[in-house]
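1. take a look and give me a structure for this.
(2 chains, ligands or ions: 1)
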Amino acid sequence: MAKIEALGVDVGSTTVKMVAVNDHGEMVWHMLEEADPRAADQVSRFLAEAARRFGSLNGVPLVATGYGRKLVQQAARQVTEISCHAMGIYAELGHGGTLVDIGGQDSKAIRISDSGKVIDFAMNDKCAAGTGRFLENTAGRLRVPLQEMGQDALSSADEVPISSTCTVFAESEVISLIAQGIPVPAILKGLHRSLVKRVAAMISSVGLTAPLMLSGGVVKNPAIRAMLAEETGSAVTLPDHPQLMGAYGAALYALRIAE
Amino acid sequence: MQTAAVRIPGRIENILSWKEQGGGIAAVFPIHYPRELLRAFGYLPVEVWGPPVVESVSSAAHVQPYVCSIVRNGLSFLQSGGLELADILLVPHACDSLQGLGSLLLDFIHPRQPTLTLYLPRGRRESDLSFLAQELHALYRRLAEIHGDSPTEPELMSSIRREEAADASLAQLHRQRSRLPLSDLAFYQLIRSREYLPAERFSQLASEALDQAGPITERGIPLLLSGIVPEPMALLNLIPELGGWVAADDLASCGRRLYPAGTSQDPFLRMAERIIHAPPDPTRGSSIESRHQHLLSLAAESGARGVVFHDVKFCEPELFDLPDLRRQLAESGLPSLLLEVDLNDPLSHQLHTRLQAFLEMIV
Ligand code: SF4
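-> Okay, the predicted model is just below:
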């Protein structure tokens, strides 16, 4: 059984993730579930699962990050998702650059120096446009499973522009496009473009230092990756577990406490 | 109100006691105006920065939704009777929104109290100085008409000297803040009592606080706070809670009003000099370069590691300069963060995260 030295938990608005690291800072275990409104209970369950696998967690520090970080009473420290994502991606990819994290309900662009320090950041957390929620809402309208949206969008040579950046108005626009008989993949491509343009604007506000690194659940969508590369003119790179970068970074902060 | 160091009289308590002594009250909208001129006529200036958290529905009939909450709230407050104790209203033309408010009051709303306006020049040239001196002269004549009596030149000069003394104490408080036994919140409660206390009373409080100055104490990651007004005041509790400390400020309501003493023996020119030679301010047309240099020197003097721009949503003079100003600061190695607030909203979770992330970044 591997020995764990530190734990990180990312209590996001859509999912909760926990990561354990060994003394070399390598990710040795993780757990991911949809977010439960009773975040404290959910984190306790995650900890119980970690204890079941690795034995007593006594002396294993936990750092919490994410939207619900304050709810994690067991945490030795709370660190923002900005610092944790930067820490996680730098450890995993080994270089600086601009990181874009597109989560379920917010997105952020973080510029990271060659030594792994955050130089600047921008957040979109007041409006669903530019976040995973934008696609989720409209996918619901189009009756397309979320996992297939990206592939469907890429399969279309045509693209209809979506003029509303607001998620609610975009949904009405989608309904009217369906009524006009526009094929679903073309609408999907337009929706992805709309989201990507929002994200690209956020990237330009902090500055793009290649390569563009991506994290967050939404970047599993291939259309988002392809269109971001197209919009920014930069190659994109992804860690192995894009959804876990916040929790991984938190675990690395916890490892500093352990040391 | 009790701070660690001094007892600060509240606004209403102070207004009532001034009125009991037979004085009048001038309700003054932001930002720059001659306190000394109002005092020479027996009016105590009491400033209206919003106030925060008022119902702002009544003003919606008169101002567009994209007008800042300082103006929206100020108008609603007036319409709901919040300024009933005031005898006159003064609206300096700091920005288009305040200029609009002045016109609205004069042309449509017609408040019970006489409404006066004051045009401020957008520059620091000799011509700006003489323009402002003439404006102040016009304001003097208008006050004389309303009051029925007017102060003599020596009376004006003595009023100016009293305000200069209070401003010198204010500057001293700013310089000594790291030595005072005051939290960020208590410090700004003291500083902001200059918005409504008589100058002599403020000078007295300032000297009581300065008497308690001790050795410099480390309080957290030093920040430079810029913007309009430190509202909601909960911000001043949040900053230390997250490990920061306000080491200096460039707030329109505070540090940008450290008016130096004038030199002219002409009272109108002297009052104009004081306003014109105050620290750079976008509402007085200061260039981005002068603001950039001012922020760099404030950061160097105070040790601030970053600038937090805490701005009121839709504040055009502030927000217009920010992209260039922040870029120049970044090029000079001083990171910055922009937080936008509405005076009616509590501090959001998002604001909390941005501020915490910024502190983690500059630590
Ligand atoms: S906050 Fe800005 S826009 Fe509003 S009154 Fe003040 S200077 Fe004018």
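2. so how far is stretch B:119-129 off the chain centroid?
-> 19 Å (CA atoms, centre = their mean, to the nearest Å).
3. give me every residue that touches A:Glu92.
-> In this structure, A:Glu92 makes contact with A:Pro239, A:Asp240, A:Met245, A:Tyr248, judged by CB atoms under 8 Å, 6 or more residues apart in numbering or on different chains. C-betas here are computed from N, CA, C, even on glycine.
4. now those: which count as buried?
-> A:Pro239, A:Met245, A:Tyr248 (16 or more other CB atoms under 10 Å in any protein chain shown).
5. in a markdown table, list the residues you listed along with secondary structure and pLDDT.
-> Compiled in a markdown table, the buried ones among the contacts of A:Glu92 are given as follows (DSSP: H, G, I helix; E, B strand; the rest coil; pLDDT from 0 to 100):
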| residue | secondary structure | pLDDT |
| --- | --- | --- |
| A:Pro239 | coil | 95 |
| A:Met245 | helix | 96 |
| A:Tyr248 | helix | 98 |
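6. quick one: the residue nearest the centre of chain B and A:Ala40, what's the gap?
-> For chain B, the residue nearest the mean C-alpha position is B:Ser253 (1.8 Å; CA atoms, centre = their mean). When CB to CB, to the nearest Å is the yardstick, B:Ser253 and A:Ala40 sit 40 Å from each other.
7. element containing A:Asp120?
-> Secondary structure from DSSP states H and E places A:Asp120 in strand A:118-124.
8. which SSE is the residue nearest to the centre of chain B in?
-> With DSSP H and E as the criterion, B:Ser253 is inside neither a helix nor a strand.
9. surely B:Trp49 and B:Val71 touch.
-> No: using CB atoms under 8 Å, B:Trp49 makes no contact with B:Val71, being 10.6 Å away.
10. which one of these two is surrounded by more residues?
-> In terms of neighbours (other CB atoms under 10 Å in any protein chain shown), B:Val71 is the more surrounded of B:Trp49 and B:Val71; the figures are 29 against 22.
11. just checking, what packs against the helix or strand containing that one?
-> Taking DSSP H and E as the definition, one finds B:Val71 inside helix B:69-79. Judged by 3 or more CB pairs under 8 Å, 6 or more residues apart in numbering or on different chains; DSSP states H and E, the packing partners of helix B:69-79 are helix B:96-104.
12. partners of the helix or strand that the helix it packs on is followed by in the sheet?
-> Sequence-wise, the next helix or strand downstream of helix B:96-104 (DSSP H and E) is strand B:115-118. Taking DSSP bridges as the criterion, strand B:115-118 pairs within the sheet with strand B:88-92 (parallel).
13. could you give me the buried positions within the strand it pairs with?
-> Residues of strand B:88-92 classed as buried under the neighbour-count rule (16+ other CB under 10 Å) are B:Ile88, B:Leu89, B:Leu90, B:Val91, B:Pro92.
14. how about it, does it reach the ligand?
-> No: on the criterion CB under 6 Å from any ligand atom, strand B:88-92 is out of touch with the ligand, staying 9.8 Å away.
15. that strand vs helix B:69-79, what angle?
-> In terms of direction (axes from the mean of the first three to the mean of the last three CA atoms, to 10 degrees), strand B:88-92 departs from helix B:69-79 by 160 degrees.
16. ok, A:Asp101 - contacts?
-> With contacts defined as CB under 8 Å, 6+ apart, the neighbours of A:Asp101 are A:Glu81, A:His85, A:Ser107, A:Lys108, A:Ile110, A:Leu214, A:Ser215, A:Gly216, A:Met245, A:Gly246.
17. following the helix or strand that contains it, which helix or strand shows up next?
-> Under the assignment given by DSSP H and E, the secondary-structure element containing A:Asp101 is strand A:97-102. Using DSSP H and E, the helix or strand that follows strand A:97-102 in sequence is strand A:107-112.
18. chain center to that next one, what's the gap?
-> On the basis of CA atoms, centre = their mean, the separation between the geometric centre of strand A:107-112 and that of its chain is 11 Å.
19. partner strands of that strand, with direction?
-> Using DSSP bridges, the strands paired with strand A:107-112 are strand A:97-102 (antiparallel), strand A:118-124 (antiparallel).
20. can you redo the ones you listed as CSV with mean pLDDT and distance to the ligand?
-> CSV is the format used below for the strands paired with strand A:107-112 (pLDDT from 0 to 100; distance: least, CB to the nearest ligand atom, whole Å):
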stretch, mean pLDDT, distance to the ligand
strand A:97-102, 93, 32
strand A:118-124, 91, 23
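21. nearest to A:Thr138, of those strands?
-> Each of the strands paired with strand A:107-112 was checked against A:Thr138 via CB to CB, and the shortest separation belongs to strand A:97-102, namely 15.1 Å.
22. any idea how far A:Leu7 is from the ligand?
-> With the distance defined as CB to the nearest ligand atom, to the nearest Å, A:Leu7 ends up 45 Å from the ligand.
23. so where does that residue fall, helix or strand?
-> Here A:Leu7, judged by DSSP H and E, is contained in strand A:6-11.
24. rounded mean pLDDT for that strand, please.
-> For strand A:6-11, the mean per-residue pLDDT is 97.
25. that strand near chain B anywhere?
-> No: Strand A:6-11 lies out of reach of chain B by CB under 8 Å from any CB of the partner chain, never closer than 12.5 Å.
26. end-to-end on stretch A:86-106?
-> From its first residue to its last, stretch A:86-106 covers 16 Å (CA to CA, to the nearest Å).
27. list the buried residues for that stretch?
-> A:86-93, A:96-106.
28. same question for stretch B:166-173.
-> Neighbour count says stretch B:166-173 has B:Ala166, B:Asp167, B:Ala168, B:Ser169, B:Leu170, B:Gln172, B:Leu173 buried, by 16+ other CB under 10 Å.
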